[in-house]
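> Have a look at this prediction, sequence included:
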Amino acid sequence: MELDFVKLHGLGNDFVFMDDFSRDINLTKEQVALLCDRHFGIGADGVILVRPSERSECAAYMHYINSDGTLAQMCGNGVRCFAKYLVDRGYVQASDGQFVADTLAGPKPISFEVDDRDKMTRATVDMGHPILEPSDVPVNVPANATSADGAAFAKDVAITSPWGTFAFTCASMGNPHAICFIDDFAQLSDELFTNANDKSLATLDLNKIGAYYESHEAFPEKTNVEFAHVRSGAIDMRVFERGCGETLACGTGACATNVAAALTGRSGRENDIVLRGGTLHILWDENDHVMMTGPAVESFQGTVEV
Ligand SMILES: N[C@H](CCC[C@H](N)C(=O)O)C(=O)O
């Protein structure tokens, strides 16, 4: 079967988009993995099928699949690319400046900017409420803290690994995230770095430590794993994504990291999250909504045999 596709990315977190308004595309895990293979396929972190929404208030439904073929509830960079796909093709009027995207994590209101050719450049997505109750993240560790409004959450929970014990604060944006804040990388074991002479977030070996925690038994549905360093005015973050491995950026991960930093008193509620692929601006507002702002870029189009 020959399928048209469009390749888009949000800060280098990249996706193969396919128009599935006719609801007749059903890809196997093997087909998704091949489409995402960076040597034998198109190459991407995931596949996004654009489907009709059953919600009258939503323009379309984003069906997100990780590169390993597993479904995920939400994709922050993906939903900004989803917005660009719809606006640039006229499914959403550029002059409207806003619409609602439907996702497995529910409706997500989006406001967007366009250039002088009515092509979308940036979007702000209302990612909704962070989910903090440990059993809802889900994470099998006790709620050891309560947030300002009394909600239970998993704060700095120590989970051991072969390379030492790391403390995670856990939150969901519809999908699970475990965030470890590291202040001093020099304290960590040499074997955790791709270059022990330069111990930093940049040289942390995520294929070792990220992969270990992604599938740790503490996380019944696995988890996205973020390592972050808070500095004045910004938070540096790298991510080992569930079902993908390390990606250059993670929108839901940036949202969860912002919430975790604020909850644990490491930062305020609004931060620039600096990722390998670029910067996302995140605000956890006074109504408990997490607002994510960032770009989306279309790389190329094509057809592919599956
Ligand atoms: N791998 C994630 C989904 C993609 C999230 C990420 N690409 C984003 O931008 O939020 C998961 O299985 O929960």
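Arrived safely, thanks for sending. Numbering: from 1, shown residues only.

> The ligand contacts on the stretch 51-200 of the chain?
Residues of the stretch 51-200 of the chain lying close to the ligand (Cβ under 6 Å from any ligand atom) are 66, 72, 75-78, 175. Just so you know, the C-beta spots here come from the backbone N, C-alpha and C atoms, and that holds for glycine as well.

> Adding secondary structure as columns, could you present the residues you listed in a markdown table?
Output for these, formatted as a markdown table (DSSP: H, G, I helix; E, B strand; the rest coil):
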| residue | secondary structure |
| --- | --- |
| N66 | strand |
| A72 | coil |
| C75 | coil |
| G76 | helix |
| N77 | helix |
| G78 | helix |
| N175 | coil |
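
> So which of the residues you listed is surrounded by the most neighbours?
Neighbour counts for those (other Cβ atoms under 10 Å) peak at N77, which has 33 neighbours.

> that older thread, in the residues of the stretch 51-200 of the chain next to the ligand, find the pair that's most separated.
N66 and G76 (13.7 Å; Cβ to Cβ).

> re earlier: in CSV: the residues of the stretch 51-200 of the chain next to the ligand, plus pLDDT.
Formatted as CSV, those follow (pLDDT from 0 to 100):
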residue, pLDDT
N66, 98
A72, 97
C75, 98
G76, 98
N77, 98
G78, 98
N175, 98
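
> will you turn those into CSV that also has distance to T247?
Converted to CSV, those look like this (distance: Cβ to Cβ, whole Å):
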residue, distance to T247
N66, 10
A72, 12
C75, 10
G76, 11
N77, 8
G78, 11
N175, 13
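
> how does the protein divide up, domain by domain?
2-126+294-305, 134-288 (automatic domain parsing).

> which ones are touching the residue of the stretch 101-250 of the chain found nearest the ligand?
Nearest residue of the stretch 101-250 of the chain to the ligand: N175, at 3.2 Å (Cβ to the nearest ligand atom). Neighbouring residues of N175 by Cβ atoms under 8 Å, 6 or more residues apart in numbering: 72-75, 105, 224, 242, 252.
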